[in-house]
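> what's the 3D shape of this:
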Amino acid sequence: MAGPRKRPPAGQRTHPETASARAMPGSGSRPALPAVPLSDPAMVAALAATAALVLLSVTFQIFDTDFWQHLLVGRTIWETRSAPTAQLWTWPTYGTTDVNASWGFRALVWPFWSLGGVWGLFAWRWLTTLAALGILVALGRRMGARGFAPLAVVLMCALLYRIRSQIRPETLVAVLLAAQLWVLETRRQGGRDRSVWCIPIAWAWANAHISWYLGFVVTGAYLLDDLLRGRGGDAAAWARARRLAITTLGALVMSFVNPWGWRALWQPFEYFLYWRHEPIFTIIRELRPVDWKDYGRSPLPVLVAAWPALIVWQARHRRFDRVEAILCVGLTALALSTQRFTGAYSLVAMPFLMRATARWVDARRWPGWTTIPAARAAMVGALCAGLAVSESRRVDPPVRIAIDYGSYPVRACDLIASAGVRGRGFNNFEYGGYQAWRFWPDRGRLPFIDVHQAGTTLDRQLYVSALRSAAGWQALDARHRFDYVLLARDPAIAFRLPDVLDADSSWGLAFIDDAATLHLRRGGRFAALAERLAYHHLPAGNERVAALGVAVAGDSTLRSAVAAELRRVVDGSPWHAGALSLLANIALSEGRYAEARALLERGLGISPGLGRAHERLGRIDLEEGRARDALRQFERERALRPDVPDLAFLTGRAWRLLGEPGRAREWYQRELRRDPGHSEARDSLAALDRRLPG
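Next up is the predicted model:
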């Protein structure tokens, strides 16, 4: 009779589906790259380079609009020693019940701001990012990904995750999600069963973010795997399933321990069943499905293609992992249907892709020099260095420890405060957090709607209608009779409402800069103020800009008046790149090229992505005979906006001036492919053809 099987030490026990890649069938005839311990100097250096690049990737200036309200609520929690359960942040529904599922995150992030300011917020980002990714790297190594190649996976997943690394509850969720994966996967690997830790994780998650159910989705994949193994006759798996089921029930019960009980847990289901069909939630970009035009240069396409491909490849080598497949299908579908979950997708994918990459690398023959740990570490270092150079050159958003105050209505709120503007105001919900941060608890200056779209169903419906049409605005204004309107300059946020107000003589444009506009009702309590501050020529929207440009070109008196108003914009706010851009157009129309160049360069200093600024600088260079300088400017414009009209034609002109007819022809043809009706490109190409031999 065989003796009892000895149980291997905890550190050596492995699940049959997740054993090291070095025992994988099909790789026996190919010598695997030697394992490198964590203490090896080469591995230490590679991990340090990876960590440095990860930190750099999340060190970009803060432009998110939500974090101001997170800070405000966090401050209130610390001051009152309780989580606010009433709506205190907007005026239409002030005092009504407010379910704030993110109160725990807000309470945690406030001390970072109060103690460290901007540096404190970046410390939060760095710590949560390192904690989440560090846990997952450790998990990946435990699963068998002990080489250098898996670090490339870490970098790709980190560069995708960084999109969600602003000061938001998802940063705390990232740590909770990583911890839960570590608990469940190490348990499956044969380590200690710490599944009871899922109970406090679930409690923290339910008090930190509306995505609390995601933890149960992850647990469900592991529970289903145990159940299927148990039904197949594996008694140990059946016992593990019972324990995990009991733990999951305990985690669910514990999730009800929050200031709102079941109502907080109901929110994600309420969104799925009802809210997501409301117009206001369809205009929120992060709630939409992935638009591949936006993610074409991100790691997302590679990860979405590579993960299932590697699962299939492993299955062909009898290494199919049911949990991995379930999580891949579920998280991929979730991320592609709602951009908000791309960060969670990258985190869940990381340890599995690390393991799969290690297996794939070990299944291939490599040159002898790759067996040297220092050589492989150098490759990781070179990859990190290349990515670091790319990151440092990024202008939107730039690598910087700062808050992009130009993304918020700072100066508009300054005017509201100094001029005594108060009452019933309308605002884009994106600006509600900053407005509440500036003026709370002054109820006379609270926003109409906040970053969580607080308000009645009718108000939310009318809000979207107001942004899109004059009739919609009139209906909402008739309901509330607004005293002032605070709007974003971004047409993707404000839609048509600025143009509607431009056409409505009952409103006066009292303030404008790159971030915001402020309109005052001419016939209300601020009639005198509106009359004194109103701009007479500058529009808030874009519909009248072209007509104004034509009128200015033919009327020197109007041109002087518009220039004076633009200089007022410049004097009224440090974020005035748009005004400088229009002043540059006036200077160009009058042939004052040196002044136009100076204005455009000042505008780029404020806003590196200033619309068509590099193109206009290139035009100036062409007029002054500096074709090489013009080409550099056109290339910079192309990097920002590849499909700018006339850009290929202008590039062809520059090459023609440099005596390169072949290159000029190529660029003229490219312009005609973009716009077959471009007469100047067609005529220039015809003239070029007449001069070329043969």
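
> From here on, just use CA atoms for contacts and neighbour counts.
Fine.

> Output the below-cut-off pLDDT ranges for this protein.
Within the chain, the stretches with pLDDT under 70 are 1-33, 691-694.

> domain assignment for it?
21-57+99-393, 405-533, 544-610, 625-694 (automatic domain parsing).

> which stretch among the ones you listed comes nearest T93?
Of all the domains of the chain, domain 405-533 sits nearest to T93, with 5.9 Å by Cα to Cα.

> roughly how far is that closest one from the heart of the chain?
From the chain centre to the centre of domain 405-533 is a distance of 25 Å (Cα atoms, centre = their mean, to the nearest Å).

> With adjacent residues omitted, what lies nearest to A664?
Nearest residue to A664 in three dimensions, chain neighbours excluded: G652, at 4.1 Å (Cα to Cα, 6 or more residues apart in numbering).

> how far away is the one you found from R641?
For G652, the distance to R641 (Cα to Cα, to the nearest Å) stands at 17 Å.

> who has more neighbours, those two?
Between G652 and R641, counted using other Cα atoms under 10 Å, the more crowded position is G652 (28 against 14).

> Show me what the helix or strand containing that one packs onto, helices and strands only.
Under the criterion of DSSP states H and E, G652 resides in helix 647-657. Using 3 or more Cα pairs under 8 Å, 6 or more residues apart in numbering; DSSP states H and E, the elements in contact with helix 647-657 are helix 613-623, helix 627-640, helix 661-674.

> what comes up buried for it?
For helix 647-657, a neighbour-count test (16 or more other Cα atoms under 10 Å) marks 647-656 as buried.

> now swap in stretch 116-133 and tell me
Judged by neighbour count using 16+ other Cα under 10 Å, the buried positions of stretch 116-133 are 118, 120-126, 128-133.

> Inside helices: which ones of those residues?
Of the buried residues of stretch 116-133, the ones assigned to helices by DSSP state H are 118, 120-126, 128-133.

> can you list those residues in JSON lines and add distance to I449?
What follows is these, written out as JSON lines (distance: Cα to Cα, whole Å):
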{"residue": "V118", "distance to I449": "26"}
{"residue": "G120", "distance to I449": "28"}
{"residue": "L121", "distance to I449": "25"}
{"residue": "F122", "distance to I449": "28"}
{"residue": "A123", "distance to I449": "30"}
{"residue": "W124", "distance to I449": "27"}
{"residue": "R125", "distance to I449": "27"}
{"residue": "W126", "distance to I449": "31"}
{"residue": "T128", "distance to I449": "30"}
{"residue": "T129", "distance to I449": "31"}
{"residue": "L130", "distance to I449": "35"}
{"residue": "A131", "distance to I449": "34"}
{"residue": "A132", "distance to I449": "33"}
{"residue": "L133", "distance to I449": "35"}
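
> and those residues, which two are the farthest apart?
Greatest spacing in those, by Cα to Cα: V118 and L133 (22.6 Å).

> Checking the residue nearest in space to the middle of the chain next. Helix, strand or coil?
Taking Cα atoms, centre = their mean, the centroid of the chain lies closest to I163, which sits 3.9 Å from it. Here I163 is helix, with the state taken from DSSP: H, G, I helix; E, B strand; the rest coil.

> Please enumerate the helices of the stretch 401-550 of the chain.
410-418, 432-439, 457-468, 470-480, 491-494, 497-502, 527-533, 545-553 (DSSP state H, counting those that start in this stretch).

> Over to the stretch 251-400 of the chain?
Using DSSP H, counting those that start in this stretch, helices in the stretch 251-400 of the chain cover 262-273, 279-282, 292-295, 300-316, 322-337, 342-362, 373-393.

> Among these, which comes closest to L685?
Checking these against L685 by Cα to Cα gives helix 292-295 as the closest, at 31.4 Å.

> Are there helices or strands packed against that closest one, and which ones?
Helices and strands touching helix 292-295, by 3+ Cα pairs under 8 Å, 6+ apart: there are none.

> Any idea how far it is from the middle of the chain?
Taking mean C-alpha positions (Cα atoms, centre = their mean), helix 292-295 and its chain are 12 Å apart.

> re earlier: deepest-packed of the helices and strands packed on helix 647-657, please.
Highest mean neighbour count among the helices and strands packed on helix 647-657 (mean count of other Cα atoms under 10 Å): helix 613-623, with a mean of 23.

> what's the angle between that one and helix 647-657?
Between helix 613-623 and helix 647-657, the angle comes out at 30 degrees (axes from the mean of the first three to the mean of the last three Cα atoms, to 10 degrees).

> which helices and strands does helix 613-623 pack with?
helix 593-606, helix 627-640, helix 647-657.

> report the angle between the axes of the first one and helix 613-623?
Computed by the same axes, to 10 degrees, the angle separating helix 593-606 from helix 613-623 equals 160 degrees.

> residues of helix 593-606 that come out buried?
Buried residues in helix 593-606, counted by 16+ other Cα under 10 Å: 593, 596-597, 599-604, 606.

> Who are the packing partners of it?
Secondary-structure packing of helix 593-606 (3+ Cα pairs under 8 Å, 6+ apart): helix 577-589, helix 613-623.

> Could you pull up the residues touching the closest residue to R619 other than its chain neighbours?
Nearest residue to R619 in three dimensions, chain neighbours excluded: A630, at 6.8 Å (Cα to Cα, 6+ apart). The contact partners of A630, taken as Cα atoms under 8 Å, 6 or more residues apart in numbering, are 617-622, 651, 654.

> Adding distance to S465 as columns, could you present these in CSV?
Below are the contacts of A630 laid out as CSV (distance: Cα to Cα, whole Å):
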residue, distance to S465
L617, 40
G618, 41
R619, 41
I620, 43
D621, 45
L622, 46
T651, 43
A654, 47
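
> Show me the beta-bridge partners of I62.
Per DSSP bridges, the residues bridged to I62 are I403.

> And for it, the neighbour number?
Neighbour count for I62, taken as other Cα under 10 Å: 24.

> what's the answer for the one 10 residues further on, then?
When neighbours are defined as other Cα under 10 Å, L72 has 20 of them.

> separation between it and E590?
49 Å.

> now P37
Distance from P37 to E590, counting by Cα to Cα: 69 Å.

> With W437 instead?
44 Å.

> Check F216 too.
66 Å.

> The two: which is more packed in?
With neighbours defined as other Cα under 10 Å, F216 and E590 compare such that F216 has more, 19 against 12.
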